[in-house]
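> All I have is the shape, not the residue letters:
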């Protein structure tokens, strides 16, 4: 297990070390702190909120280079630990068009076209 996994599973407070671990992982993986928070399940009120609010809007619209997933997908795809639904919600609400693009891109174009016409 990685230090970040231990920090998340033991709910280590952001200012008590999780922030430094996230920064180290982001630097090592050459990615953003927000992606690390999403990928490793850092809770909304324990750092992810801070990272999202300090980021440009377009960061949630970029795919993670190593997985090809958007941050909301990374946050929802937790295997080892329970994901934080609040993180998933806030990432989606920051750019809801991503959800529509994913839904429409999966052979549901006819349904999406009908929805657009009604609105």
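Received the coordinates, thanks. All values derive from a computational prediction rather than experimental measurement.

> low pLDDT regions in this protein?
Along the chain, the model assigns pLDDT under 70 to residues 79-82, 101-119.

> residue boundaries of the helices in it?
Here the chain has its helices, by DSSP state H, at 3-9, 18-29, 33-40, 48-53, 71-76, 85-94, 97-105, 109-118.

> residue nearest the centroid of the chain?
residue 71 (3.1 Å; Cα atoms, centre = their mean).

> Could you verify my assumption that it touches residue 34?
Yes - look at residue 71 against residue 34 with Cβ atoms under 8 Å: they come within range, at 6.1 Å. All C-beta atoms are positioned from the backbone trio N, CA, C, and that covers glycine.

> list the residues that contact both of the two?
Residues touching both residue 71 and residue 34 by Cβ atoms under 8 Å, 6 or more residues apart in numbering: 59-60.

> Number of residues surrounding residue 52?
Neighbourhood size, residue 52 [other Cβ atoms under 10 Å]: 21.

> is it true that it touches residue 92?
No - contact criterion Cβ under 8 Å: residue 52 and residue 92 do not qualify, at 11.5 Å.

> List the residues that contact the nearest residue to residue 14 once chain neighbours are set aside.
Spatial nearest neighbour of residue 14, chain neighbours left out: residue 47 (4.1 Å); criterion: Cβ to Cβ, 6 or more residues apart in numbering. Neighbouring residues of residue 47 by Cβ under 8 Å, 6+ apart: 14, 18-19, 22, 37.

> Quick check on residue 47: phi, psi?
phi 130, psi -30 (degrees, to the nearest 10).

> what does stretch 53-69 rub up against?
29, 31-32, 34-35, 39, 52, 70-72, 74, 77, 91, 94-95, 98.

> So for that stretch, first residue to last residue, what's the gap.
In stretch 53-69, first residue to last residue: 20 Å (Cα to Cα, to the nearest Å).

> got it, and stretch 56-74?
Length of stretch 56-74, first residue to last, Cα to Cα: 18 Å.

> And that stretch, what's buried?
Counting neighbours by 16 or more other Cβ atoms under 10 Å, one finds that the buried residues in stretch 56-74 are 59-60, 64, 69-74.
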